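Undergrad: Structure of the sequence below:
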Amino acid sequence: MAFKKTKDDPEALSSKTVEGTQNPLQNPLFGNNEIHSHTSREALRPNVWVDSQFKVALAALYASVAVDVLVNAFTDPLHSEDTNLHLLVFCLQLMTFLGSSIIFYILLSETFLIKKALYRRVVEEFQFFFFLYPVYFFTLLVLRFYRLALVYSFYPDLAVWDQPGYYAMFCIQKLGALAYWGTLVSGANYLMWEPRLYTADSVTRLE
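TA: As a prediction, this is how the structure comes out:
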């Protein structure tokens, strides 16, 4: 297998960068602290440079998470029996969820591991994200479909919370959402602050 070969013999990947790929992190080697003021890049810390496009994608990820948080916080306990409104909120949640996951994959696709198709290694590095991603998506679908079914059955707003399992499901979905958001943001920060993810050094376990 390709993964086993590179894991056992890191020297097989002699190139330190992926050919034809713009590495979002520049100057990862330590000891070079010179900051160039007339470039299109900005230094987030000494020796780590990030392309402006990378920062735009990162800002878009943070924005999508913020929108998702607001939608969950202010629209889930909706005191409304308007079916169209509940359906609109459900679609908005799906859009923010899918948007944040797509942006995260765009950031992830710049790494050396993705360029070399070492997907097993990627899952190991971001195992919490890949675990919580389907959990959050599943709980979101179950809670929203349950709520829509009750609304379409003309249940009063207060009666919805008294239905079997709804309150417990609501709490589980919110706890899963908090864990997912935290993992998503920390994973994005890890992509930004770990230069070795963009070199062959990422084949061996990062310590």
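Undergrad: which residues in the protein form strands?
TA: Assigned by DSSP state E, the chain shows strands spanning 25-26, 42-45, 48-50.
Undergrad: per-stretch mean pLDDT over those strands, give me the minimum one.
TA: Confidence, taken as mean pLDDT, is least for strand 42-45 of the strands of the chain (a mean of 40).
Undergrad: What's the local residue count around Cys91?
TA: Neighbours of Cys91 under the rule other Cβ atoms under 10 Å: 11. C-betas here are computed from N, CA, C, even on glycine.
Undergrad: my bad, should have said Thr111
TA: Neighbour tally, Thr111, other Cβ under 10 Å: 26.
Undergrad: Next: the one 3 residues further on.
TA: The tally of other residues near Ile114 (other Cβ under 10 Å) stands at 17.
Undergrad: same deal with Leu98?
TA: Neighbour count of Leu98, defined by other Cβ under 10 Å: 12.
Undergrad: who's in contact with it?
TA: Listed by Cβ atoms under 8 Å, 6 or more residues apart in numbering, the contact set of Leu98 is empty.
Undergrad: Kindly provide the distance from it to Trp161.
TA: With distances taken as Cβ to Cβ, to the nearest Å, Leu98 is found 28 Å from Trp161.
Undergrad: Same question for Leu87.
TA: Distance from Leu87 to Trp161, by Cβ to Cβ: 19 Å.
Undergrad: got it, and Glu125?
TA: From Glu125 across to Trp161, the span is 40 Å (Cβ to Cβ).
Undergrad: ditto for Ile114
TA: Applying Cβ to Cβ, the value for Ile114 to Trp161 is 44 Å.
Undergrad: what's the answer for Leu88, then?
TA: Distance, Leu88 to Trp161, by Cβ to Cβ: 21 Å.
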